[in-house]
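Q: Just a sequence and a predicted model for now, questions to come.
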Amino acid sequence: MEKGLLALILHAHLPYVRHPEHEYFMEENWLFEAISETYLPLIRIFERLEHDGIPMRLTMTVTPTLASMLMDPHLQERYVRHVKLLIRLCEKEIERTRFQNEYQDLARFYFEHMTYCLETFENRYGRNILTALKGFQDRERLEIITCGATHAFFPVQRSSSMVRAQIMTAAEHYDKIFGRRPIGIWLPECGYYPGVDQLLKDAGLRYFITDTHGILHASPRPKYGVFAPIYCPSGVAAFGRDGQSSQQVWSAAEGYPGDYDYREFYRDVGFDLDLEYLRPFLPPDGTRVNLGIKYHRITGRPDKEPYNRARALAKAEEHAGNFMFNRERQADHLHGFMGRKPVMVAPYDAELFGHWWYEGPEFIDFLIRKIAGYSSSLRLAAPSDVLREYPVNQASEPSFSSWGWKGYAETWLSGVNDWIYPHLHKATMRMEELSGRFSAADGLARRALKQAARELFLAASSDWAFIMHTGTVVPYARERTRRHLINFTEIYEGLTSGTLCEDKLREQENKNPVFPDIQPEIFAGR
C-alpha cells in the first residue's frame, strides 16, 4: 500500500558571472565546475534511468541567471576551452602515475569523465544542456521550476517594485526557454514574507518552496505541519522542507557526504603537485586553484588515503537504501494518524550533488532505482502531482522566514552587508521613475532603460550579500555590487540629463547582456 510521497527538489543556481573583458577570470570556473561535476553527471543519471525504464519524477530549479549563462556563447566557448585543458592534464597525469596503480586508475577515470563531458556538451547537446533538461520535462520525468530573476532576497525588497519585477521577468524568461509558463518557484534563499504570494499568483505560479519554520509557524497552525501543502490567502500553495530528510544529507555530524570513504573535496592536484608542472593549467598569473582532479578520500585524519571509486559507490548505494528505509518508516508513521499520504519535501542545492559530494549523483540514481524496485509504500512525486492528488488543503498564512543562519534573514541582512540596501532601495525608486518617465522611449533611450533594469537586477543578487556574510571572495562580491550600482547611476543620470553616452552604454551591454527581452515597464508604480 502506497503510504507516502517523496518530493526530491534540486535547486540549481549560480550567480551571473561573465567577464569577456578578461582573457581568463577565475570566478567563471564556478560555472565550469558545476557543469562537469553536477549538471552533466545528473543528466547522465537521468538518461540511464530513462533508458532502463525506471520511473523517475524529480523537481529541479533552473534559475534565470544559471539558464542565461548556460545559453551564453561566450561562456560555452570558455567551458570547451576549460574542459579541453583538463583533458590534457589528465593525459599528463596518466603518464606521471604510470608506476602508481591506485592513482593511475583515478587519472584514467578523470580522463574518461572529462572526455564524456566534452563529447556530451559539444556534440550531443550543441553546447546547450538546457535542451536535455527540457526534454526530461517534456517527457514528464522532471518538473522544472523557476526562481527570482537574479535570486534577489525578497524580504528586504518587499516595499518596492523589485519583487514583482524579479518574478515576472523570471516567468517570461522561463517561457522563452522551456516553451511553457512555470507553475512553481523556489523562493530565493527560501525567503518568504506575507503578501509575496499574491505577486506569485499574478505571475501564474501555483506553488513555492520555503523553509520548515515558515510552515510550522503559519497562522493558523497547519494541522499536518510540513507534511502537506498549505494554501496562502492568494490560493498559491506553500511546500515546507522536511527537516528529517534534510538532516541526513546536510548535517555535518550525521550527513552522508561526510563518510570517510567518499572523495575528499579539499585535496586537489592544483595544490598538491609541483607548480612548474601545473603552470600550463593554472591561471595566467600562476595562482593555484582547484583543478577538479582529486586522488584522496575523506579518511578522517590528516594523512589522507587514496580514493577508491568502487568502495565509494558501494557506500552511496548503502546510504541510498538507508535514506529510503527512513522515509518509508516516516511515511508509515505519519500515514497512520494523518489519514492521507504525507508529503516529505527534501530540497537541496543541486551543486551539493557532484561538486561538493562527488558521489551525490550516484546516490540519487541508487535511490530512484531502489524506490522503483523495492518500495511499495513510497513514491517520488513533484509538488504539482501532490496538488492534483490532494486539491483540498488547509488555508494558512506562512510566517516570515528564510533558510540560512538563524532562519530569519540574518545571513542577508547583517553588519557586513546591510550597507547594500539603502542603495538598492534608492536605485529601485529611480528605476520606477525612469520606467514611467520614459515609457514611450525608443532607440538609444530604450536601450538605456533596459540596461538600467539589468544592472539593478544584478546588483540585487542575494549571492553578493551571502558571500560578504560568509567571508569567502568578499572583494569580488563588494565590487560586483558597487559596479552594478555605479553603472545604473550613470545610466540614470545620462537619461535624466540628456547626456547619455552611447559608447559607455554599449560597453555595459556587452559585459552584462542578461535578459535581452527585459521589459523595464514592469517597474512602473509600486
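A: Arrived safely, thanks for sending.
Q: By mean pLDDT, which helix or strand of this structure comes out lowest?
A: When the helices and strands of the chain are scored by mean pLDDT, DSSP states H and E, helix 243-250 comes last with a mean of 87.
Q: Only alpha carbons, please: show it as PDB.
A: Extracted C-alpha coordinates of helix 243-250, given in PDB (Å, rounded to 0.1, in the frame of the first residue of the first chain):
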ATOM      1  CA  GLY A 243      13.800  18.600   8.500                       C
ATOM      2  CA  GLN A 244      14.400  14.800   8.900                       C
ATOM      3  CA  SER A 245      15.000  14.300   5.200                       C
ATOM      4  CA  SER A 246      17.300  17.200   5.000                       C
ATOM      5  CA  GLN A 247      19.400  16.400   8.100                       C
ATOM      6  CA  GLN A 248      20.600  13.100   6.700                       C
ATOM      7  CA  VAL A 249      22.200  14.900   3.800                       C
ATOM      8  CA  TRP A 250      23.000  18.400   5.200                       C
END
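Q: Name the next helix or strand following that helix along the chain.
A: helix 269-272 (DSSP states H and E).
Q: ok so, going back, name the residues that touch the least confident helix or strand of the chain?
A: 6, 212, 226, 254-257, 322-323, 326-327, 330, 344-348, 352 (C-beta atoms under 8 Å, 6 or more residues apart in numbering). Any C-beta I mention is one placed from the backbone N, CA and C, and that applies to glycine too.
Q: Okay, domains of the chain per the record?
A: 4-18+28-71+128-263+307-406, 414-523 (automatic domain parsing).
Q: Ok, which of the ones you listed comes nearest residue 269?
A: Smallest distance to residue 269 across these (C-beta to C-beta): 12.2 Å, for domain 4-18+28-71+128-263+307-406.
Q: now the least confident helix or strand of the chain, how far from the chain's geometric center?
A: 18 Å (C-alpha atoms, centre = their mean, to the nearest Å).
Q: likewise stretch 93-107?
A: 34 Å.
Q: Could you do stretch 176-187 as well?
A: 14 Å.
Q: Mind checking the pLDDT average for it?
A: Stretch 176-187 carries an average pLDDT of 98.
Q: In contact with residue 393: list those residues for me.
A: Contacts of residue 393 by C-beta under 8 Å, 6+ apart are 228, 229, 230, 231, 237, 387.
Q: When you filter those down to buried only, what's left?
A: Those of these that meet the buried threshold are 228, 229, 230, 231, 237, 387, by 16 or more other C-beta atoms under 10 Å.
Q: which one of those is nearest residue 115?
A: residue 387 (42.5 Å).
Q: doesn't residue 228 make contact with that closest one?
A: No - using C-beta atoms under 8 Å, residue 387 is not in contact with residue 228; the gap is 10.6 Å.
Q: hey, which helix is longest across the protein?
A: The longest helix of the chain (DSSP state H) is helix 309-338.
Q: how far out from the middle of the chain is it?
A: That offset, for helix 309-338, works out to 24 Å (C-alpha atoms, centre = their mean).
Q: residues touching residue 176, list them.
A: Contacts for residue 176 (C-beta under 8 Å, 6+ apart) come out as residue 517.
Q: what about it, is that helix, strand or coil?
A: helix (DSSP: H, G, I helix; E, B strand; the rest coil).
Q: Then residue 346 would be within a strand, right?
A: Yes - per three-state DSSP, residue 346 lies within a strand segment.
Q: Could you give the number of residues near the closest residue to it other than its chain neighbours?
A: Excluding its sequence neighbours, the residue lying closest to residue 346 (C-beta to C-beta, 6 or more residues apart in numbering) is residue 245, at 3.9 Å. Other residues near residue 245 number 22, with proximity taken as other C-beta atoms under 10 Å.
Q: Could you look up the SS state of the residue lying closest to residue 284 once chain neighbours are set aside?
A: Take residue 284 and drop its neighbours on the chain: the residue closest to it by C-beta to C-beta, 6+ apart is residue 24, 5.7 Å away. Assigned by three-state DSSP, the conformation of residue 24 is coil.
Q: Quick check: residue 24 touching residue 283?
A: Yes - counting by C-beta under 8 Å, residue 24 touches residue 283, with 5.5 Å between them.
Q: if you look at the buried ones among the contacts of residue 393, which of them are in helices?
A: residue 387.
Q: Can you pick out the most distant pair from the buried ones among the contacts of residue 393?
A: 230 and 387 (11.5 Å).
Q: intersection of neighbour lists for those two?
A: Joint contacts of residue 230 and residue 387 (C-beta under 8 Å, 6+ apart) are 237, 393.
Q: Now do the same contact list for residue 448.
A: Per C-beta under 8 Å, 6+ apart, neighbours of residue 448: 491, 494, 495, 500, 505.
Q: does the second one count as helix, strand or coil?
A: Residue 494 falls in the helix class when you classify it by three-state DSSP.
Q: What about residue 261, how many residues nearby?
A: 19.
Q: so how far is residue 382 from residue 346?
A: Residue 346 is 12 Å from residue 382, where distance means C-beta to C-beta, to the nearest Å.
Q: Touching both of those two, which residues are there?
A: residue 7.
Q: and those two? which has more neighbours close in?
A: More crowded of residue 346 and residue 382, by other C-beta under 10 Å: residue 382, with 25 against 20.
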